[in-house]
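K.L.:
What would the 3D arrangement of this be:
(one chain, ligands or ions: 1)
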Amino acid sequence: MKSLVQGVHHITLCPGGAQQDIDFFTQVLGQRLVKQTVLMDGSIPIYHLYYGNADADVGSIATSFPYSRKPGRAGSGQLSCISYTVPNGAVTFWKEHFDRHRAEHSGVQERFGTKYLRVRHPAGLLFEMIEESEDQRNPWTTTEIPRDVGTRGFFGAVLSVRDVRDQESFFVDALGFRKVGVDGPYHRFEVQGTGPGRIVDLHVEPERAPGSWGFGAGTAHHIAFNVETDDALVKQKAVYEELGFTDASEIKDRFYFHSMYVRSPGGILVECTANVPGGFYQDEAPEELGTKLHLPPWFEDQREAIVAQLEPITVPEENRPRPGTTSVPKPVVAAHHTPVEEPKIPLSRYKATFDADKQAT
Ligand SMILES: [Fe+2]
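P.N.:
Numbers count the residues shown, from 1 in each chain. Here you go, the predicted structure:
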């Protein structure tokens, strides 16, 4: 079938503390904090932090719900590792860099003939740097991580499943991927197109106990694929329903994009997203990305109650780009002056009362 999916849009994790997460992403993984906002479901204020490459490209965005109020259980039926591309030869740098930060890592390994190195977040989450020379996206750089080794964006992700069969059918029939190979316990799938971020590896672990599905520190929550438009999102929901996946969610307004979720057969929550005009640049200038807390307009009247319940955080000084290090699509839509275009499909928005007595711990 012709796929509506164009590649990974973002991947969402639940670490523990917010500052610990910011420090790991920015200093150890060398990512740029590109957005501070909050979880838009539920009645407890939880940060939603977005990290990406220099240009905050779709397909480079890892997001976090720092969920220190409850531990999760890592296991099968979950996304088990986020994969970033780095230039050929760069894994040697990353091994030394992780050693300098005393970050637990796997040493250099190989799968499908490509070198990679895995590293563990303090909350237990896994990331890997995979060598791939074709990826031309603009890496974020730091005082420790120069351009010639920086991460370009997602290569893809690794998903742990106990049985490959139904998850394989889901990726092929519902999402339009094709199977491109098997290497030991890893089954590789690729979606059509030419850009990066189109790979998913199913890691078959028949003996691994199932992980938890809800929010909980130390677990991945979902993977999101870009279908680009609202029309494609509606069509993707119909594809799910035709195949019997009738638990696909309503389409939700996430302000920076629109979202629809379904629980895939292997247990992994899968989101599809449509982009909105301005994207992450709707509510802050390019050089300001990630430096302040932004709430969706329908939460603004509760800003004080929300902020009072969030962990105070410090954004690294070097999160502001140096001249010439980013390229931003023109024209940039500046948020406070330009209303968001009225969506042409019905969208769900949830707005709770953020009671202080439910304070996150
Ligand atoms: Fe998401």
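
K.L.:
immediately after the top helix by length along the chain, which helix or strand?
P.N.:
For the chain, the helix that runs over the most residues, judged by DSSP state H, is helix 230-243. Counting by DSSP states H and E, the next helix or strand C-terminal to helix 230-243 is strand 252-253.

K.L.:
Would you mind listing the outside residues contacting that next one?
P.N.:
40, 258, 259, 260, 261, 296, 343, 347, 348, 349, 350 (Cβ atoms under 8 Å, 6 or more residues apart in numbering). The C-beta positions use only the backbone N, C-alpha and C, and glycine is treated the same way.

K.L.:
if we go to 10 Å?
P.N.:
40-41, 258-261, 271, 273, 276, 296, 298, 340, 343, 345-350 (Cβ atoms under 10 Å, 6 or more residues apart in numbering).

K.L.:
Distance from that strand to the middle of the chain?
P.N.:
17 Å (Cα atoms, centre = their mean, to the nearest Å).

K.L.:
for the record, mean pLDDT for it?
P.N.:
The average of the pLDDT scores along strand 252-253 is 94.

K.L.:
So is that strand next to the ion?
P.N.:
No. Judged by Cβ under 5 Å from the ion, strand 252-253 stays clear of the ion, getting no closer than 9.4 Å.

K.L.:
So residue 293 sits against residue 308, correct?
P.N.:
No. Judged on Cβ atoms under 10 Å, residue 293 makes no contact with residue 308 at a distance of 12.0 Å.

K.L.:
Among the two, which residue is more densely surrounded?
P.N.:
Between residue 293 and residue 308, counting by other Cβ atoms under 10 Å, residue 293 is the more crowded of the two (15 against 11).

K.L.:
Please enumerate the helices of this structure.
P.N.:
Going by DSSP H, the chain shows helices at 18-23, 91-100, 164-169, 230-243, 303-308.

K.L.:
Show the average pLDDT along the first one.
P.N.:
Right, helix 18-23. Per-region confidence: helix 18-23 scores 97 on mean pLDDT.

K.L.:
what's the closest non-adjacent residue to the residue in the stretch 251-361 of the chain positioned nearest to the ion?
P.N.:
In the stretch 251-361 of the chain, the residue that lies nearest the ion is residue 271 (4.6 Å; Cβ to the ion). Sequence neighbours aside, residue 224 is the residue nearest to residue 271 in space, at 3.8 Å (criterion: Cβ to Cβ, 6 or more residues apart in numbering).
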